[in-house]
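A.B. asks: Kindly return the folded structure for what I paste below:
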Amino acid sequence: MKKSPGNNGVTGKTGQYFEQAEFGSDLPVQFLVAVFGITLVIFEGSLGLWSIFYGATPLLSLIFLYWMSLHFEKFVPMIAAFIIGIVSDLLFSDLLGGRAIAYMMVLYVMQYRRPRLLQSEFMEIWTDFAIMVTIVTLFQFIIFSLINLAIPSGTPLLFQLGSTLILFPIGYVIFAAVAALLQRMKSS
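C.D. replies: Prediction:
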């Protein structure tokens, strides 16, 4: 092909400089998921200032991770769950790594449960989430009891479990609405 004047040696519109760039990386979205999860953890901490949630804030970040791993699994890497959990542990003065391990276990279990849950009704999804949040709460309870050699009060844990389960449908609908809005904006 000939060099045409003014194109600085680039050969035609199909040349190597004009090939379409591939922006198939999920890394920016995964980063945004981690940042949003950390923001939710900070919001959870701010809920602790209200007298009703003193000592036991709902696990909003767990609702978010569960929903994301159910509907957008490729955007939630294990490292994001670990970082969200570590920030949560640091913010709430929990055992360092306790919530991080629990969140990673939730993502690991969701890899196997996801195909069945995507074809089920909401009530089954809510029941599965109830089992997950109960396991996370029991895991933290057992780890805390073993490390401190004392059994913590169960009332705040039950309140946290109940408030998280009550807020799950609300969070699920909000996340689904935002995802539908983003999808509509992306397609137009």
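
A.B. asks: Give the buried residues for the longest helix seen in the chain.
C.D. replies: As assigned by DSSP state H, the longest helix anywhere in the chain is helix 154-187. Neighbour-count burial for helix 154-187, counted by 16 or more other Cβ atoms under 10 Å, picks out Leu157, Phe159, Gln160, Leu161, Ser163, Thr164, Leu165, Phe168, Gly171, Tyr172, Phe175. For every residue, glycine as well, the C-beta is placed using N, CA and C.

A.B. asks: can you check stretch 44-55 too?
C.D. replies: Glu44, Phe53.

A.B. asks: which residues sit in contact with the residue sitting nearest the centre point of the chain?
C.D. replies: Nearest residue to the geometric centre of the chain (Cα atoms, centre = their mean): Leu65, 2.4 Å. By Cβ atoms under 8 Å, 6 or more residues apart in numbering, the contact list for Leu65 reads Gly37, Val76, Ala81, Ile84, Tyr103, Val106, Leu107.

A.B. asks: Same question for Phe175.
C.D. replies: Phe64, Trp67, Met68.

A.B. asks: packing partners for whatever helix or strand Arg114 lives in?
C.D. replies: Using DSSP states H and E, Arg114 sits within helix 98-118. With contacts taken as 3 or more Cβ pairs under 8 Å, 6 or more residues apart in numbering; DSSP states H and E, helix 98-118 sits against helix 60-71, helix 78-91, helix 122-148.

A.B. asks: Please identify the most buried of these.
C.D. replies: Neighbour counts (mean count of other Cβ atoms under 10 Å) averaged over each of the helices and strands packed on helix 98-118 peak at helix 60-71, with a mean of 22.

A.B. asks: State the mean pLDDT of that one.
C.D. replies: Across helix 60-71, pLDDT averages out at 95.

A.B. asks: just stretch 180-188 next, same as before
C.D. replies: Here the average pLDDT along stretch 180-188 is 88.

A.B. asks: And stretch 40-53, by the same measure?
C.D. replies: 89.

A.B. asks: Isn't Met104 up against Met78?
C.D. replies: Yes - using Cβ atoms under 8 Å, Met104 is in contact with Met78, at 5.5 Å.

A.B. asks: where does the protein have low pLDDT?
C.D. replies: 1-26 (pLDDT under 70).

A.B. asks: sorry, back to before: so which of the contacts of Phe175 comes closest to Asp128?
C.D. replies: Closest approach between those and Asp128, by Cβ to Cβ: Trp67, at 11.9 Å.
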